[in-house]
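1. mind folding the following:
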Amino acid sequence: MPESLPTSRAVPQPIATSARPRPALLAVFAHPDDESFRPGGTLALLARRGVAVHLLTATRGEAGSCGDPPLCPHEELGGVREAELRCACAALGIEPPRLLDYRDGTLSDVEEEEGAHHVLAAVQEIRPQVLLTWPPDGLSGHADHMAVSRWAALAFERAASPAPLALYYLAVPRSVAQVLGLSHLHAVADEKISLSVDVAAVWEQKLAAIHCHRSQVNNSPILSAPEEKQRLFLGTEHFRLAADRTSGMGKNVLQSLEGLHL
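-> Here you go, the predicted structure:
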């Protein structure tokens with residue numbers, strides 16, 4: 001039998017450190033799949049680099065497609081899409097989603113104060129350095145996208161110390177939209193893009209997250225396009241700085257979180 005340790009020997013204790021808090025980002029979107037198609041690669045890269053990536057999703061996407069062929073009766077779609085969202089978050093390596101109980105397609109009817117309250121509550125708990133959301137025009141003019149954009153912007157304005165350092169919007173450069181014929185998107189001039197992220201290192205991870213949304217993939221023509229076009233639209237992600245509290249250094253906040261040194 002091995003000899004026991006002398007009772008007088010102290011068990012070594014971990015040395016206390018004053019490690020800096022883990023950096024965090026909070027993405028605020030309207031529907032399951034919003035997190036994967038446009039910013040999914042960047043979210044995955046952030047998570048790989050130790051950033052706590054959180055997602056607040058306002059609806060379960062009940063007004064979306066059930067798939068072709070249908071994966072479920074329409075009354076079950078909210079539950080199916082929630083499961084798809086959880087699958088996507090796991091594929092990206094980010095935190096499980098926080099879901100609000102709003103119905104898909106109704107967000108423009110929600111009082112902005114109420115919507116912003118939910119975002120602000122998450123901000124106060126998570127204390128992110130960055131907020132990420134849709135642009136004010138929703139990128140495609142979708143009313144739900146536009147509503148959550150307003151909520152996030154209002155929450156950014158009202159957040160108390162420690163407040164987020166920067167608010168970023170998703171964006172599509174005009175040059176990309178023109179090449180791909182994406183006339184339905186509200187693209188922005190290329191010079192208004194604050195940050196472009198090459199997500200080739202997590203390409204398979206991003207595609208896995210997109211394909212978690214099985215009920216919706218047939219609605220995305222880009223997934224049946226040649227790989228060259230897929231890479232152009234999905235392989236580089238673009239962001240526009242909307243607001244910052246860093247005396248003009250806000251353009252570097254998301255970049256510094258990633259550690260990509262672009």
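
2. quick one: the helices in the chain, in order.
-> With DSSP state H as the criterion, the chain has helices at 34-37, 40-48, 77-92, 112-126, 143-158, 174-180, 203-212, 227-234, 253-258.

3. for residue 242, find the nearest of those helices.
-> Distances from residue 242 to each of the helices of the chain were compared using CB to CB; the minimum, 6.9 Å, belongs to helix 143-158. Any C-beta I mention is one placed from the backbone N, CA and C, and that applies to glycine too.

4. return the list of helices and strands in contact with the closest one.
-> For helix 143-158, the helices and strands in contact under the criterion 3 or more CB pairs under 8 Å, 6 or more residues apart in numbering; DSSP states H and E are strand 24-29, strand 52-59, helix 112-126, strand 130-133, strand 166-171, strand 236-244.

5. what comes into contact with that helix?
-> Applying CB atoms under 8 Å, 6 or more residues apart in numbering, the contact partners of helix 143-158 are 28-31, 34, 58-59, 104-108, 110, 112-113, 115-116, 118-120, 123, 131, 133-139, 163-164, 167, 169, 242-243.

6. only whichever of these are buried, select them in PyMOL.
-> Those of the contacts of helix 143-158 that count as buried under 16 or more other CB atoms under 10 Å are selected in PyMOL with:
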select buried, resi 28+29+30+31+34+58+59+104+105+107+110+115+116+118+119+120+123+131+133+134+135+138+139+163+164+167+169+242
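
7. number of nearby residues for residue 125?
-> Residues within reach of residue 125, counting by other CB atoms under 10 Å, total 11.

8. can you give me the distance of it to residue 71?
-> Using CB to CB, to the nearest Å, one gets 33 Å for the distance from residue 125 to residue 71.

9. again with residue 103
-> Computed with CB to CB, the distance linking residue 103 and residue 71 is 20 Å.

10. list the contacts of the lowest-mean-pLDDT helix or strand in the chain.
-> Ranked by mean pLDDT, DSSP states H and E, the helix or strand of the chain with the weakest confidence is helix 253-258, at a mean of 72. Contacts to helix 253-258, defined as CB under 8 Å, 6+ apart, come from residues 23, 25, 42, 45-46, 49, 51, 129-130, 132, 165-166, 168, 195, 197, 239, 244, 246, 261-262.
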